[in-house]
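>>> Could you look at this predicted model? Sequence included:
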Amino acid sequence: MVHEQVKLFNFVRYNTNSPMLKDNKKYLTNIIIGISVLVFDIICIYVKYFDKTLSCSQVNHLMASVNPLLFVILFFIALYLLLHKPKKIEKNKKVDVSRRRFLTFTATLAHDESFHAINGKLGKGVASFTGKRNPKSKSPIFPAGGTKYDEYRSKCTSCMACIEACPSRILEPGIKLGQGVIPHISFANGWCQPECKTCNDVCPAKALEKITLEEKNNIQIGHAVWIRENCISGDGKECRACEKACKRGCIEMVQNGRKLYPIINTYNCTGCGACEYACPATPLKGIYVESFTEHRTIN
């Protein structure tokens with residue numbers, strides 16, 4: 001809320017002093033003056049030629065001495081003020097549009113250069129970043145061996161055996177209306193270790209199938225997504241926490257000007273959550289795991 005108020009204050013402060021707004025004020029002033037001149041001209045014409053009831057001899061004498069050409073001049077002055085649009089307004093609009101296009105082009109070019117730089121090294125799928133601020137997956141993250149979320153949810157008996165057995169303490173009860181208490185993964189306290197499959201071994205309802213470690217490490221439960229607005233590197237600070245945390249080498253930092261940006265190889269990312277857990281950004285993480293409702297296998 002405070003952030004939005006600061007943004008609004010900066011917007012008002014900038015636009016109040018902008019040449020665009022000053023020109024608009026000038027244009028509005030011209031309209032007001034033009035209307036005033038036109039009304040005055042009409043009143044004078046009416047008094048001189050149509051209204052014969054005025055008893056004030058001074059007014060009648062003044063109107064009689066006024067040259068009719070003056071009324072014509074006032075009329076054209078009023079039309080000029082009402083119809084003339086200052087050139088600066090159109091000029092500033094063009095400058096504003098050009099600046100916006102330039103910034104958009106520059107941002108797109110920098111983004112493309114970063115992706116091309118890393119794509120040649122990784123040679124696989126590269127994830128784009130998201131524009132949202134809240135680092136939360138759209139659907140619950142569930143352990144490898146569950147295959148499809150609907151199937152996992154229907155088989156789960158909410159015994160909580162997997163939660164009690166998890167050594168990393170990343171499993172927690174997820175409560176949803178009409179779905180009961182279904183365990184899901186949260187990377188707030190840790191990440192899914194590649195050498196662990198305890199939840200698969202202890203599940204009595206076969207909601208999580210028995211799998212080997214090799215099978216587990218080839219299953220994608222989701223993939224990492226970078227949030228540019230939350231990232232510490234976006235503030236000009238050098239941070240490689242997510243790159244160092246990723247044991248599969250799916251994240252590589254790319255230099256773009258003075259800033260470092262993480263590029264994520266979604267082809268090899270399993271969604272283990274090591275990067276999300278290691279991210280030092282607070283209160284909102286700069287990288288998070290977006291889940292798959294149906295798990296995928298890396299070939």
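Everything's here; your move.

>>> Helices of the stretch 101-250 of the chain, residue ranges please.
Remark: helices assigned in the stretch 101-250 of the chain by DSSP state H, counting those that start in this stretch are 149-155, 161-165, 198-202, 213-216, 241-245.

>>> Mind putting these into CSV with distance to Gln255, mean pLDDT and mean neighbour count?
The C-beta positions use only the backbone N, C-alpha and C, and glycine is treated the same way. Shown next, in CSV, are those (distance: least, CB to CB, whole Å; pLDDT from 0 to 100; neighbours: other CB atoms under 10 Å):
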stretch, distance to Gln255, mean pLDDT, mean neighbour count
helix 149-155, 38, 93, 16
helix 161-165, 42, 95, 16
helix 198-202, 39, 96, 19
helix 213-216, 34, 96, 14
helix 241-245, 13, 95, 19
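
>>> Phe292: which of the ones you listed is closest?
helix 149-155 (8.5 Å; CB to CB).

>>> For the closest one, which outside residues touch it?
Under the contact criterion CB atoms under 8 Å, 6 or more residues apart in numbering, helix 149-155 has outside partners 139-140, 142, 146, 179, 182, 205-208, 293-294.

>>> ditto for stretch 292-299
In contact with stretch 292-299 (CB under 8 Å, 6+ apart) are residues 139, 144, 146-150, 218-223, 267-268, 270-271.

>>> Drop anything exposed from the residues you listed.
Neighbour counting with 16 or more other CB atoms under 10 Å marks 144, 146-147, 149, 218-223, 267-268, 270-271 as buried within the contacts of stretch 292-299.

>>> Export the residues you listed to CSV and append columns for distance to Cys199.
As requested, the buried ones among the contacts of stretch 292-299 are arranged in CSV below (distance: CB to CB, whole Å):
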residue, distance to Cys199
Ala144, 9
Gly146, 9
Thr147, 14
Tyr149, 15
Asn218, 17
Ile219, 13
Gln220, 17
Ile221, 12
Gly222, 16
His223, 20
Tyr267, 25
Asn268, 22
Thr270, 15
Gly271, 15
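
>>> quick one: which of these is nearest Ile43?
Checking those one by one against Ile43 (CB to CB), the nearest turns out to be His223, at 75.1 Å.

>>> Surely that closest one is in contact with Asn265?
No. Using CB atoms under 8 Å, His223 is not in contact with Asn265, being 9.1 Å away.

>>> okay if I get the helices of the stretch 101-250 of the chain as a markdown table plus distance to Leu38?
Converted to a markdown table, the helices of the stretch 101-250 of the chain look like this (distance: least, CB to CB, whole Å):
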| stretch | distance to Leu38 |
| --- | --- |
| helix 149-155 | 71 |
| helix 161-165 | 80 |
| helix 198-202 | 82 |
| helix 213-216 | 82 |
| helix 241-245 | 67 |
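
>>> out of the ones you listed, nearest to Val47?
Of all the helices of the stretch 101-250 of the chain, helix 241-245 comes closest under CB to CB, at 81.2 Å.

>>> Show me what the closest one is packed up against.
With contacts taken as 3 or more CB pairs under 8 Å, 6 or more residues apart in numbering; DSSP states H and E, helix 241-245 sits against strand 251-256, helix 274-278.

>>> Give me the sheet partners of the longest one and which way each runs.
To tie it back to what came earlier, the one meant is strand 251-256. strand 259-265 (antiparallel) (DSSP bridges).

>>> In strands only, show me the contacts of stretch 292-299.
Counting by DSSP state E, the part of these found in strands is 219-223.

>>> Looking at the chain, which strand is longest?
The chain, longest strand under DSSP E: strand 287-297.

>>> can you pull the buried residues of it?
In strand 287-297, counting by 16+ other CB under 10 Å, buried: 287-292, 295.
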